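Participant: please work out how this folds:
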Amino acid sequence: MSKIYVFVGPGDAVNWNTTKSAIAQFAATFADGFQNFGAGDEATSTCPGCNRNLPLALFSVDHIKPQHRYTPASLGTVANENLVLIGTGCDRINRPGGSHASKVEGGVMLIQSGSKYAPKLTYVQSSVLWQNDLRNLQFLCPICNSSKGGKTWVEWGRQEHDAHPLSAQLKTAGFQA
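Facilitator: Purely as a prediction, here's the structure:
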């Protein structure tokens, strides 16, 4: 099973606002490259829906599998070593055994932070985990995003392998997890 990449915000929060702000703040990390569109070099990406190369500022963040289609089976069986928690500044990666321990059981993710003498436990529903998983998020241009709507990638008429998840872009940017 591939790794699940999730941004963890202040207080070990995993939510859509934390994810969107981290993606916006570090958009260049997810860029396919840089191009001058007339205002200097800008981070760019290619829309996997229409193949247009546009500045990242124009893209929407799309759920490859729509949020309302989530089922617990969407995550599969998640072992601790497959869950990667990323600080919102892209400056830290936590794995079990580090300053954060994590595990997913019964539809709930448990994040343990703090010291061993004063642990802090945060519980996150697996549906929230799926909505914020970088394997399920991609950039789409506004036209493609609005036409896709609540359809799955395949229902929208695309092949699964044509999706361009942000987790793959992290790897090509040299982000080691």
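Participant: could you pull up the contacting residues of residue 150?
Facilitator: Applying Cβ atoms under 8 Å, 6 or more residues apart in numbering to residue 150 gives the contacts 66, 68-69. No exception for glycine: its C-beta is placed from N, CA and C like everyone else's.
Participant: mind picking the lowest-pLDDT entry from those?
Facilitator: The weakest per-residue confidence within the contacts of residue 150 falls on residue 69 (71).
Participant: sorry, back to before: can you redo the contacts of residue 150 as CSV with secondary structure?
Facilitator: Listed next are the contacts of residue 150 as CSV, based on DSSP: H, G, I helix; E, B strand; the rest coil:
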residue, secondary structure
66, coil
68, helix
69, helix
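Participant: ok, so of these, who is nearest residue 143?
Facilitator: Proximity of those to residue 143 (Cβ to Cβ) peaks at residue 66, which lies at 17.7 Å.
Participant: returning to what we had before: is there a quick ChimeraX command that grabs whichever of the contacts of residue 150 are buried?
Facilitator: Restricted to buried positions by 16 or more other Cβ atoms under 10 Å, the ChimeraX selection for those reads:
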select :66
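Participant: from the contacts of residue 150, which is closest to residue 55?
Facilitator: Nearest to residue 55, judged by Cβ to Cβ, of those is residue 66 at 25.6 Å.
Participant: can you tell me the closest non-neighbouring residue to that closest one?
Facilitator: In this structure, residue 66 finds its nearest non-sequential neighbour in residue 150, 4.8 Å apart by Cβ to Cβ, 6 or more residues apart in numbering.
Participant: just the element for that neighbour, please.
Facilitator: Here residue 150 sits in a region with no helix or strand, counting by DSSP states H and E.
Participant: look up phi and psi at it.
Facilitator: Phi and psi for residue 150, reported as degrees, to the nearest 10, are phi -90, psi 10.
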